[in-house]
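[1] What follows is a predicted protein model with its sequence.
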Amino acid sequence: MVKIYPLDLCRHRNDNQSRRNHSISAENVVGFEYRDEQMSSTTTAEFLEELEKGELKGTVDQVLATCAVIARAKDVLSDGDFRDLRDQSPYTEKVWSKLLQVGMDDRLEGVKEHLPPSYTTLHKIHCLTDEELKKAVQEGHIHPKVSQGSLDRWLRYERFQKDEEAPPEDFSSLVTVLGPSGIEEDTLNRFKGDLEKLVGIYGFRTQYEGGQTMVALRQQRSQDNAGVLAQTLNKELKSTWDAAEEELKTQFSLTSLDELVQAPMTTFTGFLNRHRKGRDEFWTFHAHDYIHKIALEYLKASTRAQRFNYRRRLKEVAETHEHLASKVQETLEGVMNY
């Protein structure tokens, strides 16, 4: 039996709570100094004038400044005047709410140089916990060109693919999945794999009965898929290995083809680049080998951050080499989907 639990990506945040009262400041997040702008507006008309001069499609400084105007207006104006300001502003109620939440988040000024100039993505960043924000900035997941989609994917990866079995306390069971008795193990494993993909898309979690865990399943699948990829690389690179000069093998301290296949990425690409005498020839002869190697390293990775980076690297291959996009997508969906 399988139980499925939902999770709101912004569950860690109270939308009505100002970050100014939070115990962790911007300095604690990544070491930047927080700067509090003091504005002079005190009336609805003055705040409206500031907002009309604001810019949501400019620089991150301009976007944050607009959000800060709204946050300060909430502090200064009465509830009635603040509602009047919202109604007279050029923003819809939904956009206004996001701008307010971003403006009340004192952490963002301290990491401004890492932020994108998009209020919708800034709102996603606002929803991160202090720990998540610190990690995302330090590991480069938040940067000026980050999109909502990539941030969502990282956050789902970070929150939901953890090596822990018990769901968070604020999860509740949504549905119980029942299966026939005597189901074949292969069928059950395929079902679990497909279910895991679906659950991950929506940010849910699964919990299995009878001692079956998704962690154990992922580990076994990783080992099986890694073995298949290693066999594929050994087969595809045999003629290359046989033709390579012994001096080159010695230079990279390689005594067998399997050592090349299992070597660190720098050794793998360095050896093939030297053998082909350049990157152009490398991509001509070994593009698929490179994709398979990334997938193999992904399956061998011990941390979520490493796996995330291998997926990102593979997506960059598709962006820079459009003719490889279908192969990349096939690999991502086939062996790098968890």
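    Structure's in. What do you need?
[2] Please, where are all the strands along this structure?
    2-5, 175-177, 205-208 (DSSP state E).
[3] which strands and helices sit next to the second one?
    With contacts defined as 3 or more C-beta pairs under 8 Å, 6 or more residues apart in numbering; DSSP states H and E, the packing partners of strand 175-177 are strand 2-5. C-beta here means a position set from N, CA and C on the backbone, and glycine is covered the same way.
[4] tell me the mean pLDDT for the strand it packs on?
    What strand 2-5 shows for mean pLDDT is 52.
[5] Same check on stretch 258-273?
    Averaged across stretch 258-273, pLDDT comes to 93.
[6] so how far is it from its chain's centroid?
    27 Å (C-alpha atoms, centre = their mean, to the nearest Å).
[7] in that stretch, what's buried?
    Neighbour counts over stretch 258-273 (16 or more other C-beta atoms under 10 Å) mark 260-263, 268-269, 271-272 as buried.
[8] how much space between residue 145 and residue 121?
    Distance of residue 145 to residue 121, computed by C-beta to C-beta, to the nearest Å: 10 Å.
[9] out of these two, which sits in the busier spot?
    Legend: neighbour count by other C-beta atoms under 10 Å for residue 145 and residue 121, higher for residue 121 (23 against 9).
[10] okay, now residue 156: neighbour count?
    When neighbours are defined as other C-beta under 10 Å, residue 156 has 17 of them.
[11] Now do the phi/psi pair for the nearest residue to it once chain neighbours are set aside.
    Spatial nearest neighbour of residue 156, excluding adjacent residues (C-beta to C-beta, 6 or more residues apart in numbering): residue 203 at 5.4 Å. Here is the backbone geometry of residue 203 (degrees, to the nearest 10): phi 70, psi 30.
[12] For residue 176, see how far away residue 203 is.
    19 Å.
[13] Those two - which one has more neighbours?
    residue 203 (17 against 10).
[14] shouldn't residue 293 be in contact with residue 263?
    No - shown here, residue 293 and residue 263 do not form a contact pair, counting by C-beta atoms under 8 Å, at 9.2 Å.
[15] hang on, the earlier thing: export the buried residues of stretch 258-273 as CSV, with columns for distance to residue 282.
    Shown next, in CSV, are the buried residues of stretch 258-273 (distance: C-beta to C-beta, whole Å):
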residue, distance to residue 282
260, 14
261, 16
262, 19
263, 15
268, 11
269, 7
271, 10
272, 6
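[16] Give me the subset of those lying in helices.
    Residues of the buried residues of stretch 258-273 located in helices (DSSP state H): 260-262, 268-269, 271-272.
[17] ok, these vs residue 90, which is closest?
    Within these, the smallest distance to residue 90 is 51.3 Å, found for residue 269 (C-beta to C-beta).
[18] so how far is residue 275 from that closest one?
    Taking C-beta to C-beta as the measure, residue 269 and residue 275 are separated by 11 Å.
[19] now do residue 56
    In terms of C-beta to C-beta, residue 56 sits 52 Å off from residue 275.
[20] Tell me which residue is most central in the chain.
    Among the residues of the chain, the one closest to the centroid is residue 154, at 1.4 Å (C-alpha atoms, centre = their mean).
[21] Now do the same contact list for it.
    Residue 154 is in contact with 136, 141, 308, counting by C-beta atoms under 8 Å, 6 or more residues apart in numbering.
[22] Tabulate those in CSV, adding columns for pLDDT, neighbour count and distance to residue 300.
    Putting these into CSV (pLDDT from 0 to 100; neighbours: other C-beta atoms under 10 Å; distance: C-beta to C-beta, whole Å) gives the following:
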residue, pLDDT, neighbour count, distance to residue 300
136, 90, 22, 24
141, 87, 24, 21
308, 89, 20, 14
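[23] Let me have those in CSV, extended by distance to residue 107.
    Below are the contacts of residue 154 laid out as CSV (distance: C-beta to C-beta, whole Å):
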residue, distance to residue 107
136, 12
141, 15
308, 22
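[24] just to revisit the earlier point, more neighbours, residue 56 and residue 275?
    Applying other C-beta under 10 Å to residue 56 and residue 275 shows that residue 275 carries more neighbours, namely 19 against 16.
[25] The nearest residue to that one once chain neighbours are set aside: neighbour count?
    Nearest non-adjacent residue to residue 275, counting by C-beta to C-beta, 6+ apart: residue 244, 5.1 Å away. Neighbour count of residue 244, defined by other C-beta under 10 Å: 20.
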